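Trainee: Take a look and give me a structure for this.
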Amino acid sequence: MDRLSRKLAAGAVIVALGILGVAFSGRAADLEPIVADQARRIEQLEAEQRRMQAQLDAERAAPAPVSAAPEVKEAPPETVDPEYVDRRIQDFEQASVSRFLISGYGTASFVDVRKGMRAFGASFNPGFHFRMAESLHFVAELEIELEVEAGELETEFGLEFAQVDYLATDWLVLSGGKFLTPFNTFGPRLHPGWINKLASPPPIYGGHSSGGFIPVLANIGFMGSGGRALCCGDAKVNYALYVGNGVTGELSDPPDEDELLDLEFDNTADLDDGVTLGGRIGVLPIVNLELGVSYMTGNPDSARYHLVGTDAWYHWQGLELRGEFAYLTRQKRGVEGTVWGYWLQAAYRLSHLFPGRNGFEGVMNRVEPVIRWGEVLDFPEKNRDQIAAGLNYWLFESAPLRLTYEVNGGAPRDNRFMLAFTYGF
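Mentor: Coordinates of the predicted model:
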């Protein structure tokens, strides 16, 4: 309002000065236009004053806004239970590292056996991982597979493994439960369909109708494993030692040679047949070479068996070479049975010859030819020689399409063609 009053005063002064100036100069005729113009300006200023006064009166008449009530903070307790605080701190520490993860793989397959069965198949192996703390983990894997039983398609459920792992030190992990037995490397590392380079396991593990002489081993018990660097360069060592339920293998009296080797490695329900003891040690003298030795023993039906194995792995650019050897012997009352076998495999990923990602090079970049040769010897019922050739096309790094053809010697000569699409997640 002060600004408006000043404008009115200034207008009056201008009018007075104009009158005086005109009167002083003697030109009275010019007075009337000046007075009329200044009167118009004064009326405009008075109208603006009235509008601003009405707006101010309306603002004063409006109710004042209600301010929010001040927040009342609860007074802290006078005393705090130290044990409660410790428990809460532990809960927060565990929550920050707890993790749950689902992994696994699934397979869609087709097999055509010479003069035998032709069928489509499917399997699903979900894995569950839970980390309660930095040093405590739980991992389990189920096996769900479609199988043909007596001419009918049935769904088979199984527990592949379920174990608790405690990281005691940087070089020792203590495990308990059902675990994949660390005998050689195919069982604990390579048998999943998206990792195995061919659509079938090697002959010693039952990669044909005669069933091999050992399965992909698993046991129920306790295991200690780990690894550490050696004294020089990139050399490393890894190890695993375990004790578990015994295998079964009942014998007649006196036993025959084939009967001695008919061990039920999958039957590890109790300790009635003693315990299973074993272990594996692996050495990596350089980063892309590993050599391993494995041993397993037990005493079912008072007839001790010895299972010895060796394995080797070498990788250079796109070339991967693998091989395993296994020897099983068992003796009772002067009767001894032995069986042994091996497999050798070479695979080459063509991405090192065709590094491009588009066009023809992009297709060849994903191709991997594989060849495997293996035998089972000195066990007439299960003697077998096999050559398997395969071609893999990697749609993604964990999703290969595998074509495999086996030429199997022995009885029966069940050559087979296999197609498998596997996805690991």
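
Trainee: List the beta-bridge partners for residue 418.
Mentor: Here residue 418 shows beta-bridge partners residue 111, residue 404, assigned using DSSP bridges.

Trainee: average pLDDT for the longest helix along the chain?
Mentor: Longest helix in the chain, counting residues (DSSP state H): helix 31-61. The average pLDDT within helix 31-61 is 73.

Trainee: For that helix, what is the distance to the chain centroid?
Mentor: Here helix 31-61 is found 81 Å from its chain centre; the criterion is CA atoms, centre = their mean, to the nearest Å.

Trainee: just checking, what packs against it?
Mentor: Counting contacts by 3 or more CB pairs under 8 Å, 6 or more residues apart in numbering; DSSP states H and E, helix 31-61 packs against helix 2-25. Backbone N, C-alpha and C define where each C-beta goes, glycine included.

Trainee: With adjacent residues omitted, what lies nearest to the residue nearest to the spatial centre of the chain?
Mentor: The centroid of the chain falls nearest to residue 103 when counting by CA atoms, centre = their mean (4.9 Å). Once flanking residues are discounted, residue 103 sits nearest to residue 127: 4.4 Å by CB to CB, 6 or more residues apart in numbering.

Trainee: Tell me what that neighbour is bridged to.
Mentor: With DSSP bridges as the rule, residue 127 is bridged to residue 103, residue 141.

Trainee: tally of neighbours for it?
Mentor: 18 (other CB atoms under 10 Å).

Trainee: mind checking how far it is from residue 326?
Mentor: Per CB to CB, to the nearest Å, residue 127 is found 27 Å from residue 326.

Trainee: Could you do residue 286 as well?
Mentor: With CB to CB as the criterion, residue 286 and residue 326 are 25 Å apart.

Trainee: Show me which of these two is the more surrounded one.
Mentor: Just comparing residue 286 and residue 326: by other CB under 10 Å the higher neighbour count belongs to residue 326, 26 against 11.

Trainee: Look at that one and give its secondary structure.
Mentor: With DSSP: H, G, I helix; E, B strand; the rest coil as the basis, residue 326 sits in strand.

Trainee: Which strand or helix spans residue 296?
Mentor: strand 289-298 (DSSP states H and E).

Trainee: Quickly run through the sheet partners of that strand, with directions.
Mentor: If you go by DSSP bridges, strand 289-298 pairs up with strand 275-286 (antiparallel), strand 305-316 (antiparallel).

Trainee: which residues does residue 331 form a beta bridge with?
Mentor: Residues in beta-bridge contact with residue 331 (DSSP bridges): residue 336.

Trainee: What confidence value was assigned to it?
Mentor: Residue 331 carries a pLDDT value of 86.

Trainee: For it, give its distance to residue 101.
Mentor: Distance, residue 331 to residue 101, by CB to CB: 46 Å.

Trainee: More neighbours: which of the two?
Mentor: Set side by side, residue 331 and residue 101 show more neighbours around residue 331, with 15 against 10, by other CB under 10 Å.

Trainee: That one reaches residue 304, doesn't it?
Mentor: Yes. Between residue 331 and residue 304 there is a contact at 7.2 Å, judged by CB atoms under 8 Å.

Trainee: Could I get the full set of helices for the protein?
Mentor: Assigned by DSSP H, the chain shows helices spanning 2-25, 31-61, 82-97, 257-260, 359-364.

Trainee: didn't residue 107 look like it was pressed against residue 122?
Mentor: Yes. Counting by CB under 8 Å, residue 122 is a contact partner of residue 107 at 6.7 Å.

Trainee: and the two? which has more neighbours close in?
Mentor: Under the neighbour definition other CB under 10 Å, residue 107 and residue 122 were set side by side, and residue 107 has more, 20 against 12.

Trainee: what bridges to that one?
Mentor: Beta-bridge partners, per DSSP bridges, of residue 107: residue 123, residue 422.

Trainee: How about the contacts made by it?
Mentor: Applying CB atoms under 8 Å, 6 or more residues apart in numbering, we find residue 107 in contact with 121, 122, 123, 124, 193, 194, 420, 421, 422, 423.

Trainee: for residue 242, same thing?
Mentor: Applying CB under 8 Å, 6+ apart, the residues near residue 242 are 179, 181, 182, 219, 221, 222, 223, 224, 276, 277, 278, 279.

Trainee: can I assume residue 155 is in contact with residue 144?
Mentor: Yes. Contact criterion CB under 8 Å: residue 155 and residue 144 qualify, at 6.7 Å.

Trainee: Comparing the two, which shows the higher neighbour count?
Mentor: Taking other CB under 10 Å, residue 155 and residue 144 do not tie; residue 144 has more neighbours (15 against 11).
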